[in-house]
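>>> Sequence plus the predicted model coming up.
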Amino acid sequence: MTLAALFTHPIIMPSWLVLWLILPLCLCVAVVYKTVRIQDIRRLPRSVGIMMAYIAGGLCGLAVVLWLIQLIFA
């Protein structure tokens with residue numbers, strides 16, 4: 001399969017597997033943000049871990065709230 005074929009014939013993934021792609025996305029966002037903002041590089045791993053937990057927790061909380069809204073109004 002060529003690289004151009006990925007744009008015309010996407011890879012089909014199960015929905016439960018797609019949800020696990022949120023964790024690397026949260027990690028990348030946290031690393032980039034904290035690398036720009038942090039003043040002491042020794043605190044970077046802990047800060048990235050905390051921020052990743054905040055992002056993932058916020059996304060989970062938002063998912064629960066949206067699920068409850070659609071459950072109530074459906």
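Everything's here; your move.

>>> how close does the residue sitting nearest the centre point of the chain get to Val31?
Nearest to the mean C-alpha position of the chain, counting by Cα atoms, centre = their mean, stands Ile22 at 3.1 Å. To Val31, Ile22 is 15 Å away according to Cβ to Cβ, to the nearest Å. To be clear about C-beta, it is placed using only N, CA and C from the backbone, and glycine gets the same treatment.

>>> if we can go back for a sec, can you pull the contacts of the residue nearest to the centre of the chain?
Ala56, Leu59 (Cβ atoms under 8 Å, 6 or more residues apart in numbering).

>>> buried set for the lengthiest helix in the chain?
Ranked by residue count, the top helix of the chain under DSSP state H comes out as helix 44-73. For helix 44-73, burial by neighbour count (16 or more other Cβ atoms under 10 Å) applies to Ser47, Val48, Met51, Met52, Ile55, Ala56.

>>> which one among those gets closest to Ser15?
Ala56 (18.0 Å; Cβ to Cβ).

>>> where's the residue nearest to that closest one when sequence neighbours are not counted, which helix or strand?
Spatial nearest neighbour of Ala56, chain neighbours left out: Cys26 (5.1 Å); criterion: Cβ to Cβ, 6 or more residues apart in numbering. Element membership for Cys26, per DSSP states H and E: helix 22-37.

>>> ok, and for that helix, which residues are buried?
By 16+ other Cβ under 10 Å, the buried positions in helix 22-37 come out as Cys26, Leu27, Ala30, Val31, Lys34.

>>> how far does it sit from the chain's center?
Chain-centre distance of helix 22-37: 9 Å, with Cα atoms, centre = their mean, to the nearest Å.

>>> Repeat that for stretch 6-18.
With Cα atoms, centre = their mean, you get 17 Å for stretch 6-18.

>>> Give me the buried positions along it.
Per 16+ other Cβ under 10 Å, stretch 6-18 contains no buried residues.

>>> start to end distance for that stretch?
Chord length of stretch 6-18, first to last residue, is 17 Å (Cα to Cα, to the nearest Å).
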